[in-house]
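> sequence first, then the predicted structure:
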Amino acid sequence: MNKGLRKIYDEVGQATGLRINEQTDTLMGEAGGFHLKVDMTNNNYMVYASVRKNGQLPDKELLKSICKANKGMMSLGVQGNYVIATVRGMTTKKVIAYLINAIKALTEAFNMYGFEDVCESCGKPHTNLGSYCVSGSVSFLCDECYTQVTQSLQQSEVEMSNTKESVVAGVVGAFLGSVIGVITIIILGQLGYVAVISGLVMGVCTVKGYEMLGKKMSTKGIIICAIVMIIMTYFGEKLDWMITMMTEADFSLSEASFYFWDILEYADATSSFIADLALVYLFTAGGAVPTIMNVIKARKQAFTSYQIG
């Protein structure tokens, strides 16, 4: 957890009674009689609660009125068994204030309108909900549902262990994903940019492509993805420059391809091409490394469950 997020969680926790869970980078606990968790997604902060009144989730109009009355709350809606409030990421000071307000507003409204704290799986009220880490995420569950979840994870682990990694299909997936990255490199290159997004797209799509079609991501898969990214990033950057040669100097596709390095040398642009290529490689690594790390982390946590003290 970075220092900025820790500062936010520390101050919000002090004001609301929630606490930081280091394993999941989540702020969690009980506030105002309800189990809540807070995490950050795409620079927005999400507050999760599971509540019911007579077995029913809050209706849209009620949630709309709560959201409208609270500054800093972007949206408030229902997703599955969760009521989720979204707080926009701003300055640290504003995020802290808005999160505290959102948490207090939600719990006060839930109490005012007679909602109960419920198990996020079965949706039934329980006085002894437990706090658990399930597949790397915080969950508030009753004893029966936690037992069912644990058994389901054990069964899924057995099934996954019996699933063979399809390297050939994974290579196809990595290639198809990398094509999206190549297209992004070319489009942005023709607009005159060497942008972070092109490398991120290449890294993320290649890894996800392998994972989707290969069914599993092993060390072998990671190496294959790295090789595909190196080759396709070079191909994408070269193709971008070839298109420029064809449009700016009237070279044919075959000429731009066959005499590529000669044309660069003649135009005294070899160093520029290498610099652009190095930059795209850097951006690709920036997209691939976090994605691969997340895949490895998710793989380790996928079938784990334990109670949070």
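Sure thing, it's come through.

> quick one: residue 298 and residue 207 touch, right?
No - the pair residue 298 / residue 207 is not scored as a contact, 11.7 Å apart, by C-beta atoms under 8 Å. C-beta coordinates here come from the backbone N, C-alpha and C atoms, glycine included.

> the two: which is more packed in?
residue 207 (29 against 13; other C-beta atoms under 10 Å).

> any buried residues in the host helix or strand of residue 240, and which?
According to DSSP states H and E, residue 240 maps onto helix 219-249. By 16 or more other C-beta atoms under 10 Å, the buried positions in helix 219-249 come out as 221-222, 224-226, 228-229, 232-233, 236-242, 244-245.

> check stretch 302-309 too.
So, applying 16+ other C-beta under 10 Å, buried residues of stretch 302-309: 303, 305, 308.

> rounded mean pLDDT for it, please.
For stretch 302-309, the mean pLDDT works out to 84.

> just stretch 14-30 next, same as before
92.

> contact partners of it?
The contact list for stretch 14-30 (C-beta atoms under 8 Å, 6 or more residues apart in numbering) reads 1, 5-6, 9-10, 12-13, 31, 35-40, 100, 103-104, 131, 133, 136-138, 308.

> now do 6 Å
1, 9, 13, 31, 37, 38, 39, 100, 103, 133, 138 (C-beta atoms under 6 Å, 6 or more residues apart in numbering).

> figure out the helix or strand that the second one lives in.
Which is residue 9. Short version, using DSSP H and E: residue 9 is in helix 3-16.

> now do the last one
In this structure, residue 138 is located in strand 137-141 according to DSSP H and E.

> tell me which other helices or strands that strand touches.
strand 130-134 (3 or more C-beta pairs under 6 Å, 6 or more residues apart in numbering; DSSP states H and E).

> and the strand it packs on with strand 137-141, angle?
Using axes from the mean of the first three to the mean of the last three C-alpha atoms, to 10 degrees, one finds that strand 130-134 and strand 137-141 are set 140 degrees apart in direction.

> what lines up beside strand 130-134 in the sheet?
strand 137-141 (antiparallel), strand 305-307 (antiparallel) (DSSP bridges).

> rewinding a little: could you identify the helix or strand that succeeds the strand holding residue 138?
Next along the chain after strand 137-141, taking DSSP H and E as the criterion, comes helix 143-161.

> what residues does that next one touch?
So helix 143-161 is in contact with 119, 121, 122, 132, 134, 303, 305, going by C-beta under 6 Å, 6+ apart.

> check what pLDDT the nearest residue to the third one once chain neighbours are set aside gets.
Yep, that's residue 122 we're talking about. Spatial nearest neighbour of residue 122, chain neighbours left out: residue 145 (5.3 Å); criterion: C-beta to C-beta, 6 or more residues apart in numbering. For residue 145, the model assigns a pLDDT of 94.

> which parts of the helix holding residue 9 are buried?
Using 16+ other C-beta under 10 Å as the burial criterion, the residues of helix 3-16 that qualify are 5, 8, 9, 11, 12, 13, 15, 16.

> tell me how far the first one lies from residue 34.
Which is residue 5. 23 Å (C-beta to C-beta, to the nearest Å).

> rewinding a little: which of the contacts of helix 143-161 count as buried?
119, 121, 132, 134, 303, 305.

> can I get those in JSON lines with distance to residue 79?
Output for those, formatted as JSON lines (distance: C-beta to C-beta, whole Å):
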{"residue": "119", "distance to residue 79": "16"}
{"residue": "121", "distance to residue 79": "14"}
{"residue": "132", "distance to residue 79": "20"}
{"residue": "134", "distance to residue 79": "17"}
{"residue": "303", "distance to residue 79": "24"}
{"residue": "305", "distance to residue 79": "22"}
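
> those residues: which two are farthest apart?
By the measure C-beta to C-beta, 119 and 303 form the most distant pair in the buried ones among the contacts of helix 143-161, at 21.0 Å.

> lowest-scoring secondary structure element of the chain by mean pLDDT?
helix 270-301 (a mean of 83; mean pLDDT, DSSP states H and E).

> and it with helix 143-161, angle?
Using the same axes, to 10 degrees: helix 270-301 against helix 143-161 is 130 degrees.

> and which of the contacts of stretch 14-30 is nearest to residue 269?
Nearest to residue 269 among those, counting by C-beta to C-beta, is residue 1 at 44.6 Å.
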